[in-house]
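Participant: Following is a predicted model, sequence given first.
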Amino acid sequence: MTESALPQIVTLTKVIDESPSIKTFIFDKVFDIRPGQFCMVWIPGVDEIPMAFSAANSITVMKVGDATASLFELKEGDKIGIRGPFGNGFHPEGKTLAIAGGIGVTPLFTLAATGEVDTFILGARTKTELIFADELEKVTDLKIATDDGTFGYHGFVTGIMDQLDISEYDSICVCGPEMMMYGILKRLEEKDLAGRGQFSMHRYMKCAIGVCGSCCMDPNGYRVCKDGPVFSGEILLTGELGQHHRGPSGRRE
Amino acid sequence: MIKLQLPQKEIAGVSLNNHMLLAAGVLGTTASSLNRMLENGAGGVVTKSIGPVPIPGHHGPALLPVDGGLMNAMGLPNPSEKFPEEIASLTGKPVVVSIFGGTPEDFGKVASWFPDAQAFELNLSCPHAEGYGASIGVNPRVVKECTEIVKSYGKPVWVKLTPNVTDIKVIGCAAEEGGADAIVAINTVKAMRISTELRRPILGNKFGGLSGKAVFPIAVRTVYDLYEAVDIPIIGCGGIDCADNVLEMMMAGASAVEIGSAVYDNFNVFSDIEAELYAEDGIPAEEIVGCAHD
């Protein structure tokens, strides 16, 4: 029978400025997470939003809207609610490549921290938005791209990907902006390697427990919150990735 | 356990593959998820409730597991007039379109968008959307008018009622007088949880509705009451999660059932129940519908 799973109230013990638009919030409870799993973050009086764990006791957040802006005003000692962990997470096997764009580095950072990533391509718009690079350098072969060329390769992560022999990797774990993931999936498809891809999807989400249907994807009705958020590239090939998504009302955008 | 025969004819105007429909508000926003549930054993599906204007829904938390059920205040998020296009691929399948509005005219307007619907379910019962749902579903006159106006579109009309009223029989009779083909009971029961650490309600909307196992006895009692008050079929809804619950709801007076919250604990609830409930030598469901009455 259904058991209560209300938000756990946690106290922020430290807030770290990672970049002008990214902060890490460390809290006083440790969750038993698999890299790539996420939680629902309740900002009391504001909203509840899905967020990847950046460690067993932290989330790393980019300011993108009202809810994240409210979260950014919180200080050490403030309380928020956490539900989770939710979703399947990454399950790489063998030699593993991780490709992250922007704030999408968060779940892949937790994967690399467990020592499961051999090569890591990290992309950001500009040098100041590169986060976790120092820590990643210690645990993986790190390659960096910036859109504006202020650090590392001048261009997108796919530019670095094209320089590698992708077929050497058994698993390719990806998280980042939709069009970045789409571009990577297309490259894998060309080499008939889509099945090696593990993509962390993001869709508008409300319940996070597979009931409300807000995050269902076409054409199979997979729930990003419960069946994902990580999906095989093979599943995504025929789906809505890079084509469309749905907003809060369920309307296609 | 009693075994049933699959439906041999329409139930409340709809050809169902078995006696169980996916309840409104659960995995009902996209054609792909509705189709997935049909393929996964649902005998029919009810869509997310569609209203006269697009709504993003309430702020979160919007849906939470509590002991024995789910508590939600989704706030009727829906894409409004974009939805016919969304479900166009399901034409011909047993899809009941749930609709809501603030006035009988709203109901008529929304109904006019769905010429391919197998039937309409009127949401006169959502307990947490101001001006909609239960706000108007507690008024027998309005319930009758909403039913009449949607009935004018020539399709079966099911009216889903709220248990949050003094006497649901009065509302059920109003729907019947308006020409309803079935009563669906029940929608969620008003509910709230408070975070003792934060000293505030947890749901973004403060209060919401409770569904799932905890409301099953309430649903059985309500269906039993309605069975004595109306002559049209009743679709039982509220906390059903096993074959025996389906039989119990039928004995209270339900001709078919809707299942929603049970997908949380068991995504295969429809196919699991279907495997247990039916047999080639099963009896017609009509033989047990209402049999618990004197």
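Facilitator: Thanks, I have the structure now. Residues are numbered from 1 along each chain as shown, chains lettered A, B, ... in the order given.

Participant: Would you enumerate the residues in contact with the nearest residue to A:V46 once chain neighbours are set aside?
Facilitator: Spatial nearest neighbour of A:V46, excluding adjacent residues (C-beta to C-beta, 6 or more residues apart in numbering or on different chains): A:S70 at 4.4 Å. Quick note: C-beta positions are derived from backbone N, CA and C, even for glycine. By C-beta atoms under 8 Å, 6 or more residues apart in numbering or on different chains, the contact set of A:S70 is A:I43, A:V46, A:D47.

Participant: which of those are buried?
Facilitator: A:I43, A:V46, A:D47 (16 or more other C-beta atoms under 10 Å in any protein chain shown).

Participant: returning to what we had before: can you tell me which of the contacts of A:S70 comes closest to B:G204?
Facilitator: A:D47 (6.5 Å; C-beta to C-beta).

Participant: which SSE is the residue in chain B that chain A sits nearest to in?
Facilitator: Using C-beta to the nearest C-beta, the single residue of chain B nearest to chain A is B:G60, 2.9 Å away. Counting by DSSP states H and E, no helix or strand carries B:G60.

Participant: which ones are touching it?
Facilitator: A:M40, A:W42, A:D47, A:E48, A:I49, A:K206, B:G204.

Participant: I'd like the distance between the nearest residue to A:G233 once chain neighbours are set aside and A:E189.
Facilitator: Excluding the flanking residues, the one nearest A:G233 by C-beta to C-beta, 6+ apart is A:G197, at 3.0 Å. As for A:G197, its distance to A:E189 is 9 Å (criterion: C-beta to C-beta, to the nearest Å).

Participant: any residues in contact with both of the two?
Facilitator: A:G233.

Participant: ok, the two, which is more surrounded?
Facilitator: Neighbour totals were compared for A:G197 and A:E189, and A:G197 leads with 28 against 16 (other C-beta atoms under 10 Å in any protein chain shown).

Participant: okay, the more buried one: pLDDT?
Facilitator: As predicted, A:G197 sits at a pLDDT of 98.

Participant: Surely B:F107 is in contact with B:F100?
Facilitator: Yes: contact criterion C-beta atoms under 8 Å: B:F107 and B:F100 qualify, at 7.5 Å.

Participant: what touches both of the two?
Facilitator: B:L122.

Participant: rewinding a little: narrow the buried ones among the contacts of A:S70 to those in strands?
Facilitator: Secondary structure from DSSP state E places A:I43, A:D47 of those in strands.

Participant: The longest helix anywhere in chain A packs against which elements?
Facilitator: The longest helix of chain A (DSSP state H) is helix A:178-190. Using 3 or more C-beta pairs under 8 Å, 6 or more residues apart in numbering or on different chains; DSSP states H and E as the contact test, the elements touching helix A:178-190 are strand A:96-101, helix A:157-163, strand A:171-175, strand A:197-200, helix A:233-236.

Participant: Just give the strands next to the first one in its sheet, each with its orientation.
Facilitator: Each strand that pairs with strand A:96-101, with its direction, by DSSP bridges: strand A:119-124 (parallel), strand A:171-175 (parallel).

Participant: Flag every residue of the stretch 51-200 of chain A that's near chain B.
Facilitator: A:K79, A:G81, A:R83 (C-beta under 8 Å from any C-beta of the partner chain).

Participant: Go over the secondary structure and confirm the second one is in a strand.
Facilitator: Meaning A:G81. Yes: when DSSP: H, G, I helix; E, B strand; the rest coil is applied, A:G81 is found to be in a strand.

Participant: ok, what's across the strand from it?
Facilitator: Under DSSP bridges, the beta-bridge partners of A:G81 are A:I9, A:W42.

Participant: Distance check, it against A:N88.
Facilitator: From A:G81 over to A:N88 (counting by C-beta to C-beta), the distance is 23 Å.

Participant: And those two? Which one has more around it.
Facilitator: More crowded of A:G81 and A:N88, by other C-beta under 10 Å: A:G81, with 22 against 16.

Participant: Check that one and give its pLDDT.
Facilitator: The score at A:G81 is 98. That number is its pLDDT.

Participant: after the least confident helix or strand in chain B by mean pLDDT comes which helix or strand?
Facilitator: Least confident helix or strand of chain B, by mean pLDDT, DSSP states H and E, is helix B:134-137 with a mean of 84. Counting by DSSP H and E, the next helix or strand C-terminal to helix B:134-137 is helix B:140-151.
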